[in-house]
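# here's my sequence, what's the structure:
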Amino acid sequence: LLKNKTVQVPVRIFPADISAIETRSIELAENFYRKDFEWFEHDNLIREIHELQQEIHGEKISTLSDAPGWSMKDTGDMVGKDKSTVSYSIKRARAREVFPELFDKCKTQKDASKVLQKLDEEIIKEALVKKIESKKIDTDKQQLMNSFVLKDFFEGIEECPDGYFHLVEIDPPYAINLVIQKKKDGESKYSLDDYSEIDKSEYQVFLAKLFQSCYQKMAEHSWLICWFAPEPWFEIVYQELNNAGFETRRMCGIWTKGGAGQNINPS
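Numbers count the residues shown, from 1 in each chain. Next comes the predicted model:
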């Protein structure tokens, strides 16, 4: 040491109760000065150091030097590199994680940087998000998607277990001869082609089957909300609800439509 005119060795003493994340970060920082790194190992190390420090301190949002959190400049100061070098190392590491085959022939960081320049950063981000999501099992989004049964009602309801639902809301066709009743003034956002009308002669049988199917699949003390045209179907709806086993009464909620919907009937 004296021959190299090194009379003092810098030492940093850490408290004994530092966290496992902080310990790992220190180990990575020490490994940074190894000389036998492959270019991608060097990039991965900088990325891991940066992400660990952000996990410890949080991400720095403000550009003020004394702002809370951790930035790429802070990582650069820690490993003796400038912010730009740190940024490129992290980008190369993330890109190689997503598209490893594109970097197989790269021998140096310079080679990898040329590949990186050809890649759109948005593509990298999108692919990385998809890769992360593909590793997640039973996510809320996937569970929600799997909850929808897009079929004819009387076919799809059979796939559901008996006594399962606590709240059912149905909006069956109103059997009001929509072609005739449709408003003549102005345009509607709904299309007649998308509307499945029920003939008046079949409506009571249809309602009976509908309510029976719902009742079978609903739990005890559950609720059914049914939208219908009170004129002329109030008595029929009331009768078939009771026949199916529901407890109801003649006093019901009323929706005053105003100008909404296909037409003013039911109003």
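
# wait, what's in contact with the nearest residue to Ser19 once chain neighbours are set aside?
Leaving out its chain neighbours, the residue that sits closest to Ser19 by C-beta to C-beta, 6 or more residues apart in numbering is Ile56, at 7.5 Å. (C-beta placed from N, C-alpha, C; glycine too.) By C-beta atoms under 8 Å, 6 or more residues apart in numbering, Ile56 lies in contact with Ser19, Ile21, Glu22, Ser25, Trp70.

# give me that answer again for 10 Å
Ile18, Ser19, Ile21, Glu22, Arg24, Ser25, Trp70 (C-beta atoms under 10 Å, 6 or more residues apart in numbering).

# one more: Ala244?
Per C-beta under 10 Å, 6+ apart, neighbours of Ala244: Leu207, Ala208, Lys209, Leu210, Phe211, Gln212, Ser213, Cys214, Tyr215, Gln216, Leu224.

# in a strand, Val168, correct?
Yes: when DSSP: H, G, I helix; E, B strand; the rest coil is applied, Val168 is found to be in a strand.

# any idea how far it lies from Trp227?
12 Å (C-beta to C-beta, to the nearest Å).

# just Glu158 next, same as before
From Glu158 to Trp227 the distance is 23 Å (C-beta to C-beta).

# looking at Val168 and Trp227, which is more packed in?
Neighbour count, other C-beta atoms under 10 Å: between Val168 and Trp227, Val168 has more, with 17 against 12.

# now do the contacts for the more buried one.
Counted by C-beta under 10 Å, 6+ apart, Val168 has contacts Ile157, Ser213, Cys214, Tyr215, Lys217, Met218, Ser222, Trp223, Leu224, Ile225, Cys226.

# how about those in CSV, adding distance to His42 and neighbour count?
Formatted as CSV, the contacts of Val168 follow (distance: C-beta to C-beta, whole Å; neighbours: other C-beta atoms under 10 Å):
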residue, distance to His42, neighbour count
Ile157, 60, 17
Ser213, 65, 18
Cys214, 64, 21
Tyr215, 67, 18
Lys217, 60, 18
Met218, 62, 21
Ser222, 62, 16
Trp223, 63, 12
Leu224, 65, 17
Ile225, 62, 11
Cys226, 67, 19
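
# need these in CSV with secondary structure, pLDDT and distance to Lys83, can you?
Listed next are the contacts of Val168 as CSV, based on DSSP: H, G, I helix; E, B strand; the rest coil; pLDDT from 0 to 100; distance: C-beta to C-beta, whole Å:
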residue, secondary structure, pLDDT, distance to Lys83
Ile157, helix, 91, 60
Ser213, helix, 96, 64
Cys214, helix, 96, 63
Tyr215, helix, 97, 67
Lys217, helix, 95, 60
Met218, strand, 96, 61
Ser222, strand, 96, 60
Trp223, strand, 96, 59
Leu224, strand, 96, 62
Ile225, strand, 95, 59
Cys226, strand, 94, 63
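
# which of the contacts of Ile56 lies closest to Tyr164?
Ile21 (44.5 Å; C-beta to C-beta).

# can I assume that closest one sits in a strand?
No: counting by three-state DSSP, Ile21 falls outside a strand, being helix.

# could you measure from it over to Leu28?
11 Å.

# what of Asp162?
On the measure of C-beta to C-beta, Asp162 and Leu28 end up 57 Å apart.

# so between these two, which is more surrounded?
Leu28 (19 against 10).

# just the element for that one, please.
Assigned by DSSP states H and E, Leu28 belongs to helix 20-31.

# coming back round to it: the helix or strand containing the residue nearest to Ser19 to helix 20-31, inter-axis angle?
Element membership for Ile56 (DSSP H and E) is helix 39-57. Orientation check (axes from the mean of the first three to the mean of the last three C-alpha atoms, to 10 degrees): helix 39-57 against helix 20-31 gives 150 degrees.
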